[in-house]
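**Student:** Could you work out the structure for the sequence below:
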Amino acid sequence: MRETTPVLLWVRRDLRLSDHPALAQAAASGRPVIPVFIQDFSVDGLGAAPKWRLGLGLGHHQAALMAAGSRLILRSGPAREVLEALIGETGAGAVYWMRAYDPAGVERDAQVKTALRDRGVDAQSFAGHLMFEPWTVQTGAGGFYKVYTPFWKAVKDRDVPEPLPRPGRIAAPDHWPASEALDDWDLGAGMQRGAEVVRPFVRLGEDAAQARLGAFMTHKVSGYVDTRNLPAVDGTSGLSENLSLGEITPHQCWHAGIRARQAGKAGAETFLKELVWREFAYHLMWHTPRILSDNWKADWDAFPWNEDPRRAEVRAWQQGRTGIRFVDAAMRELYVTGRMHNRGRMIVGSYLTKHLLSHWRIGQKWFEQTLIDWDPASNAMGWQWAAGSGPDAAPFFRVFNPVTQLEKFDPDHAYADRWIAEGAVKLSEDAQRYFDAIPKSWNMAAQDPYPQPIVDVAEGRKRALNAYENRDF
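**Tutor:** So this is what the prediction gives:
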């Protein structure tokens, strides 16, 4: 293979230039680098909000590459066929990419790597979406971890590689292959009128992610232990949006957290634990991929959850019309911003699976449609944790009371008042935005009366515990 043959850089959920091992390796070779993004099944299967957010990220990344003297080539089709076609068009002798960990992605990548190597192409995958490769973290008995705390203890003192800088130069080919147009992909079609509402809440691209991290470490991390539980306070990093598309890496976040801890900032270790919680989700997805679609604890297959997503109670939950203010505020925050405060995620998850006795997959699929920070591993583990069917030491009988939780974490009702319009003395702008974003077919208006609870909180808890106590397993 001549050193002048191009390298195809297969871009996926790694929309950045810094701390990018595959790009760094390609650029260091001195050979022409041709970045390519492929619209394959992994894109086609995305829900409305994450697909729209991906489209925004791709557009921004295109501009970043152009500023660096490069381009992003867009192609559609099965990844292997697209890459083989590009190799034929460009004479590329190598294909580099960042590793995937979901079962479908792993299978695709293995097939691509085998096929390319069989034809003499240098096909390499690189770590970087995670700090700790799932197969490298083992219990004393050589198995995988099933509980978070031992997992944290196993990795907390491991060395995490220092983030890589942006390449000084990305060599361009003499001739660029043809590219499809991003606008023609229409990745935002599913958002409809909601796109205009959610867009101001997006923090787009690598530079914005780094600014977000810097602001958090400077102004927020010291109080993070307390403020991360207060939904009315801007006390979290917000980095899940950028981590989901690789606009920032966990390595960059980790080292910033380590520096903050060394500086004596009180919330730094809690932030590090949250990064490891994300790693734990991927650890479980790798070792037990059933977590994405089936009960992680198989005996929960016999639990009498209702699996009908068309029920009136489920629709009320989706619309933020349950009559429970914490639940409704969180569901409306999701529709307006594309994200939801972590305390809210726990509350709405517990309410759906316990008070409404609905299957966690209903919630999982709704979040797949509505989250701009959607992540397959974190979403699945979060829902199973809330439902009691996942890796949790305190399972189903932990039923959050959404009324007392609101009093505890939103005592001034600032969060609820920000997102709920009905009955408000002074209508907030964000509460009105909800009605600007939702489908017109929902036939909802800010002037509607606020609903009575669809399920009494005490009665819902009692019903959930009865179902648990009378289970058949």
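
**Student:** for stretch 46-54, what is the average pLDDT?
**Tutor:** The average pLDDT for stretch 46-54 rounds to 98.

**Student:** Tell me which other helices or strands the helix or strand hosting Asp436 touches.
**Tutor:** Asp436 belongs to helix 429-437 when assigned by DSSP states H and E. For helix 429-437, the packing partners by 3 or more C-beta pairs under 8 Å, 6 or more residues apart in numbering; DSSP states H and E come out as helix 194-198, helix 325-337, helix 414-419. In this view, the C-beta of every residue, glycine as well, is placed from N, C-alpha and C.

**Student:** May I see the buried residues of it?
**Tutor:** Neighbour counts over helix 429-437 (16 or more other C-beta atoms under 10 Å) mark 430-431, 433-435, 437 as buried.

**Student:** Would you mind checking the average pLDDT for it?
**Tutor:** The predicted model assigns helix 429-437 a mean pLDDT of 97.

**Student:** ok, now which ones touch Leu116?
**Tutor:** 83-84, 87, 95, 123 (C-beta atoms under 8 Å, 6 or more residues apart in numbering).

**Student:** One more pass at 7 Å, please.
**Tutor:** 83, 95, 123 (C-beta atoms under 7 Å, 6 or more residues apart in numbering).

**Student:** before we move on, the earlier item: tell me the one of the buried residues of helix 429-437 nearest Asp44?
**Tutor:** Ala437 (24.1 Å; C-beta to C-beta).

**Student:** Return the residues in contact with that closest one.
**Tutor:** Ala437 neighbours (C-beta under 7 Å, 6+ apart): 193-194, 197-198, 335-336.

**Student:** From those, pick the one nearest Arg461.
**Tutor:** Tyr335 (26.5 Å).

**Student:** can you pull the contacts of that closest one?
**Tutor:** Applying C-beta under 7 Å, 6+ apart, the residues contacting Tyr335 are 370, 434, 437-438.

**Student:** separation between it and Ala377?
**Tutor:** 24 Å (C-beta to C-beta, to the nearest Å).

**Student:** which stretches of the chain form strands?
**Tutor:** Taking DSSP state E as the test, the strands found in the chain are 7-11, 33-39, 73-76, 94-98, 122-126.

**Student:** mind exporting stretch 290-303 as CSV, just the C-alpha atoms?
**Tutor:** Provided in CSV are the C-alpha atoms of stretch 290-303 (Å, rounded to 0.1, in the frame of the first residue of the first chain):
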residue,chain,number,x,y,z
ARG,A,290,-31.0,-7.9,26.2
ILE,A,291,-31.1,-4.8,28.5
LEU,A,292,-32.1,-2.8,25.4
SER,A,293,-35.3,-4.7,24.7
ASP,A,294,-36.0,-7.2,27.5
ASN,A,295,-36.2,-7.3,31.2
TRP,A,296,-32.6,-7.4,32.5
LYS,A,297,-33.9,-9.6,35.3
ALA,A,298,-35.6,-12.3,33.4
ASP,A,299,-38.1,-13.2,36.1
TRP,A,300,-39.8,-9.9,35.6
ASP,A,301,-41.2,-11.3,32.3
ALA,A,302,-44.1,-12.6,34.4
PHE,A,303,-44.9,-9.2,36.0
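
**Student:** which outside residues touch stretch 342-352?
**Tutor:** 228-229, 231, 236, 317, 324, 326-327, 330-331, 333, 358, 362-363, 382-383, 386-387, 399-400, 402, 405, 409.

**Student:** For the residue nearest to Leu204 when sequence neighbours are not counted, the count of nearby residues, please.
**Tutor:** The shortest distance from Leu204 to any non-neighbouring residue, by C-beta to C-beta, 6 or more residues apart in numbering, is to His60 (5.1 Å). Residue neighbour count, defined by other C-beta atoms under 10 Å, stands at 19 for His60.

**Student:** Correct me if wrong: His60 contacts Gly205.
**Tutor:** Yes. Contact criterion C-beta atoms under 7 Å: His60 and Gly205 qualify, at 4.2 Å.

**Student:** Is it possible to get CSV of the helices and strands packed on helix 429-437 that adds distance to Tyr224?
**Tutor:** CSV is the format used below for the helices and strands packed on helix 429-437 (distance: least, C-beta to C-beta, whole Å):
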stretch, distance to Tyr224
helix 194-198, 25
helix 325-337, 20
helix 414-419, 18
